[in-house]
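Undergrad: got a predicted structure here, sequence first:
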Amino acid sequence: PGPLYTGEEARVGVVVNEPVRRWRVAGTDLLLAMAEQVPVNVYGMGMAALEERAPALGGHTHEDVPQSRMLPELARNRAYFHPYRWTSLGLSLLEAMTLGMPVLALSTTAAPEAVPREAGLVSADPRTLAAAARRWLQDPQEARARGQAARRHALEHFGLDRFLADWQQLLKEVVS
């Protein structure tokens with residue numbers, strides 16, 4: 001997606017599918033702990049089950065929003081939180097970065113390599129992540145600056161231009 005970030009909503013966006021069934025894998029417990037400290041919007045499949053477990057999220061879960069609508073909606077949030085414990089590098093994390101969102105990520109899987117310091121915060125301490133979220137909700141300029149850095153990094157390391165250049169290099173090596 002393009003640079004859609006507005007950050008106009010002082011909320012933290014999260015994308016997770018089946019958060020109740022995939023509880024610890026998806027970091028749903030960490031998401032709920034974050035939601036106790038800062039306002040969140042949660043997007044994905046299985047939101048009804050999540051609201052049953054966490055009624056305080058009522059009205060701030062968004063069930064199975066089509067991708068074409070979800071990304072602009074996600075970009076309205078001030079920051080993105082990636083609570084996953086046991087999954088590969090999440091597409092939603094990279095999408096948030098390409099939107100221009102500052103990111104908060106649990107220090108697991110490939111997140112520490114994917115998110116540079118200037119683009120957000122990666123930590124194993126949920127309290128540290130929540131403190132950064134609170135700071136960015138109060139400081140939209142810092143959030144925007146980190147989001148711009150996140151977008152630059154994502155395009156440089158995960159974007160189509162980088163991918164095509166790698167393929168061109170590989171093809172040259174194979175042909176020669």
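TA: In hand now; what should we look at?
Undergrad: contact partners of the helix ranked longest in the chain?
TA: With secondary structure taken from DSSP state H, the chain has its longest helix at helix 140-158. Residues from elsewhere that reach helix 140-158 (Cβ atoms under 8 Å, 6 or more residues apart in numbering): 3, 5, 7, 78-79, 94, 96-103, 114-116, 118-120, 135-137, 161-162. C-beta coordinates here come from the backbone N, C-alpha and C atoms, glycine included.
Undergrad: just the buried residues out of these, in PyMOL syntax.
TA: Selecting only the buried entries of these in PyMOL, with 16 or more other Cβ atoms under 10 Å as the criterion:
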select buried, resi 5+7+78+79+94+96+97+98+99+100+101+102+103+114+115+116+119+120+136+137
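Undergrad: related to what we said a few turns ago, so after the longest helix of the chain, what's the next helix or strand?
TA: Following helix 140-158 in sequence order, the next helix or strand is helix 160-175 (DSSP states H and E).
Undergrad: remind me what that next one packs against, helices and strands.
TA: helix 140-158 (3 or more Cβ pairs under 8 Å, 6 or more residues apart in numbering; DSSP states H and E).
Undergrad: quick check: buried residues in the longest helix of the chain?
TA: 143-144, 146-154, 158.
Undergrad: adding pLDDT and distance to Gly13, write the residues you listed out as JSON lines.
TA: JSON lines is the format used below for the buried residues of helix 140-158 (pLDDT from 0 to 100; distance: Cβ to Cβ, whole Å):
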{"residue": "Ala143", "pLDDT": "98", "distance to Gly13": "12"}
{"residue": "Arg144", "pLDDT": "98", "distance to Gly13": "15"}
{"residue": "Arg146", "pLDDT": "98", "distance to Gly13": "14"}
{"residue": "Gly147", "pLDDT": "98", "distance to Gly13": "12"}
{"residue": "Gln148", "pLDDT": "98", "distance to Gly13": "17"}
{"residue": "Ala149", "pLDDT": "98", "distance to Gly13": "18"}
{"residue": "Ala150", "pLDDT": "98", "distance to Gly13": "13"}
{"residue": "Arg151", "pLDDT": "97", "distance to Gly13": "15"}
{"residue": "Arg152", "pLDDT": "97", "distance to Gly13": "20"}
{"residue": "His153", "pLDDT": "96", "distance to Gly13": "19"}
{"residue": "Ala154", "pLDDT": "96", "distance to Gly13": "16"}
{"residue": "Phe158", "pLDDT": "88", "distance to Gly13": "19"}
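Undergrad: now the residues you listed in CSV, please, with extra columns for distance to Gly90.
TA: Formatted as CSV, those follow (distance: Cβ to Cβ, whole Å):
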residue, distance to Gly90
Ala143, 20
Arg144, 22
Arg146, 18
Gly147, 17
Gln148, 21
Ala149, 19
Ala150, 14
Arg151, 17
Arg152, 19
His153, 15
Ala154, 12
Phe158, 12
